[in-house]
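Enquirer: compute the structure for the input listed below.
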Amino acid sequence: GFNVSKAEELDRLSREAAGKGNYDESFRLILEAKSLLEKMKDLPTNQITVALPLSATKVRVTSAVPDFTTGKDVKDSRKAFTPRPVDVKDGKVTLTLTNMPVFVEDISDVSEKTTDTGETSPFGIHEPPVDTYDTRLDDLGIRWIRLSGPSGVVWDADEPEKGKYNWSRIDNCVSLFHKHNVNTVVTVLCFNKWDQGIGTLKVPGIPVTKLPKHLMEYQSFLKRVVERFDGDGIDDAPGSPVIRYWQIENEPDGIGWRDTPNNFAKLVKISYKVIKETNPNAKVVLAGIATPDGFYRFYVPMLEALAKMKESPEERVFDVVDIHWSLEAGGDYRAVKGHNMKTLVSDIRNKLDSLGYKNIPIWITEMSTYCGKPSNPLPGVFLKEKSEVDHAAELVKSYVYPLSLGVKKIFWTYGLVDRHNLGGQGVNNYFDTVGLIHNPLNEGKSHKKLAYYSYKLMVDKLTGSSNIIPLNLGEGIHAYKYLRDGKSVCVLWYERN
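Expert: Presented below is the predicted three-dimensional model:
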């Protein structure tokens, strides 16, 4: 239950020194790590005993992290965890909690579990592979995927010359998941070289995205692509695949938008009108907020600009709001860059309510934390080395905590397998380390991480649940009660700090 991250970092530095033949320094670092660990005997332990009130007579307690130190040692996923039955005495279960989450299930009366293959599932994956369907999505129970960037709609690629369309790429991407009954969210990137009068990009791969100059042509393109994926049998893509959730642009508060909040508001309003006129059943997801700071700096003035463009008080021009939450700049599932998630979600909700968008769902379509030690952290950011155990535990917390705040869907970032040199940032950069499966191109490993099995367990335990109830069991104790099939499933852990 102790935080031994400083000792782990000294251990890593010691191994580096030994690898360079500097054995005196290696030995010194080991002694320093040993001294740190010995001092911990006098520190308050990072564990606590709690009495969880339950109406059940018997429960099953399962650690959310497998009983291994690496996923390579898991030979049978059915034996990755060791659930234990516990009796309920006087309406309470006594548990010792650490920073490793546990599931506590009511097993008083075993009944058929709910299966949810539809839109209510909160579990998604951002940008899975699109060359072939990865059946591990089915193994995990994933019912949502997000196609963005080169796997989404790209005006520049799909209409490379004015009036000339090339649909094969996006047709293949969407059809791949439609055939397997997986719900899709698809981004639309509105940059086009001929629209902006640019022959080539100054920085390859990074467009200068602004409000389109040829708005009629943009609207015509958007109408065609929405019609292509509305499933009505008219001008459809082969097989009539359906996209019901469209997202206009991505992270405009980051590097994805080189224009004003006001012009982005214009783009959202224009796009919403075209999408709804073409397919009234479609939903529009507001572009993902790149950072908490970006909400206050960019989204607040953009939302206020949209409010001024309303043609009637009840008019709405988006159906879902999207947050992105990355630990690339440090932090954890609760807080990054000086902003905590609870306050951010509350501020977003209050702003939406004030502008006539009550009850609009909030999603997180890019959620991540890393495993190992990223090779090139951002300037001034120290990212400590994280074990597969740490990674798996934080993944579960990164779903359970936001869901308790009212977030409706969460998509784990960058598919299932670690990327390799994503964005040309160097091998083992932050986004090369966030996947659920190792990429052999990075460090030669190819096994499923412990996080893969934790994700699978979490989906199994929480699918079909509703009415998430935070429980107040004391300071530092995270306890959340989910209701499914009339029974409770609780998720608990303890964070001393």
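Enquirer: quick one, what contacts the residue nearest the centre of the chain?
Expert: What sits nearest the mean C-alpha location of the chain, by Cα atoms, centre = their mean, is residue 367, with 2.5 Å. Taking Cβ atoms under 8 Å, 6 or more residues apart in numbering, we find residue 367 in contact with 324-326, 398-399, 402, 410-413. To be clear about C-beta, it is placed using only N, CA and C from the backbone, and glycine gets the same treatment.
Enquirer: please apply the same query to residue 432.
Expert: 374-375, 418-422, 425, 439, 442.
Enquirer: rerun that using 10 Å as the cut-off
Expert: The contact partners of residue 432, by Cβ atoms under 10 Å, 6 or more residues apart in numbering, come to 370, 372, 374-376, 414, 418-423, 425-426, 439, 441-443.
Enquirer: before we move on, what about residue 388?
Expert: Residue 388 sits next to 65-66, 68-73, 371-372, 438, 447-454 when contact means Cβ under 10 Å, 6+ apart.
Enquirer: please check the residues you listed and keep the buried ones.
Expert: 65-66, 68, 70-71, 371-372, 438, 448-454 (16 or more other Cβ atoms under 10 Å).
Enquirer: out of the residues you listed, who's nearest residue 81?
Expert: When the buried ones among the contacts of residue 388 are compared for distance to residue 81 (Cβ to Cβ), residue 66 wins out at 5.8 Å.
Enquirer: assumed that closest one was part of a strand.
Expert: No: with DSSP: H, G, I helix; E, B strand; the rest coil as the criterion, residue 66 is coil rather than part of a strand.
Enquirer: ok, it touching residue 453?
Expert: Yes: if you go by Cβ atoms under 10 Å, residue 66 and residue 453 touch, sitting 4.9 Å apart.
Enquirer: which neighbours do those two have in common?
Expert: 74, 77, 80-81, 388, 392.
Enquirer: narrow those residues to those that are buried.
Expert: 74, 80-81, 388, 392.
Enquirer: how about a markdown table for those residues, with distance to residue 140, secondary structure and pLDDT added?
Expert: Conversion of these to a markdown table gives the following (distance: Cβ to Cβ, whole Å; DSSP: H, G, I helix; E, B strand; the rest coil; pLDDT from 0 to 100):
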| residue | distance to residue 140 | secondary structure | pLDDT |
| --- | --- | --- | --- |
| 74 | 14 | coil | 95 |
| 80 | 13 | coil | 95 |
| 81 | 15 | coil | 96 |
| 388 | 17 | helix | 96 |
| 392 | 13 | helix | 97 |
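Enquirer: in contact with residue 242, which residues?
Expert: Per Cβ under 10 Å, 6+ apart, neighbours of residue 242: 174, 178, 183-184, 229-232, 236, 279, 281-282.
Enquirer: element containing it?
Expert: According to DSSP states H and E, residue 242 maps onto no helix or strand at all.
Enquirer: against residue 318, how distant is it?
Expert: Per Cβ to Cβ, to the nearest Å, residue 242 is found 20 Å from residue 318.
Enquirer: circling back to that earlier point, need the contacts of residue 367 in JSON lines (columns: neighbour count and distance to residue 165).
Expert: As requested, those are exported to JSON lines (neighbours: other Cβ atoms under 10 Å; distance: Cβ to Cβ, whole Å):
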{"residue": "324", "neighbour count": "23", "distance to residue 165": "30"}
{"residue": "325", "neighbour count": "25", "distance to residue 165": "36"}
{"residue": "326", "neighbour count": "19", "distance to residue 165": "34"}
{"residue": "398", "neighbour count": "22", "distance to residue 165": "39"}
{"residue": "399", "neighbour count": "24", "distance to residue 165": "39"}
{"residue": "402", "neighbour count": "25", "distance to residue 165": "39"}
{"residue": "410", "neighbour count": "24", "distance to residue 165": "34"}
{"residue": "411", "neighbour count": "27", "distance to residue 165": "29"}
{"residue": "412", "neighbour count": "28", "distance to residue 165": "33"}
{"residue": "413", "neighbour count": "22", "distance to residue 165": "30"}
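Enquirer: and of the residues you listed, the nearest to residue 35?
Expert: residue 398 (33.2 Å).
Enquirer: quick check: the gap between that closest one and residue 255.
Expert: Residue 398 is 24 Å from residue 255, by Cβ to Cβ.
Enquirer: before we move on, what about residue 125?
Expert: 23 Å.
Enquirer: now do residue 410
Expert: From residue 410 to residue 255 the distance is 23 Å (Cβ to Cβ).
Enquirer: before we move on, what about residue 345?
Expert: Residue 345 is 24 Å from residue 255, by Cβ to Cβ.
Enquirer: and stretch 432-449, what's buried?
Expert: With burial defined by 16+ other Cβ under 10 Å, the residues of stretch 432-449 counted as buried are 432-439, 442, 445, 448-449.
Enquirer: gap between the two ends of that stretch?
Expert: Across stretch 432-449, the terminal residues are separated by 13 Å (Cα to Cα, to the nearest Å).
Enquirer: centre of the chain to it, how far?
Expert: Taking Cα atoms, centre = their mean, to the nearest Å, one finds stretch 432-449 lying 18 Å from the centre of the chain it belongs to.
Enquirer: what about it, average pLDDT?
Expert: Stretch 432-449 carries an average pLDDT of 96.
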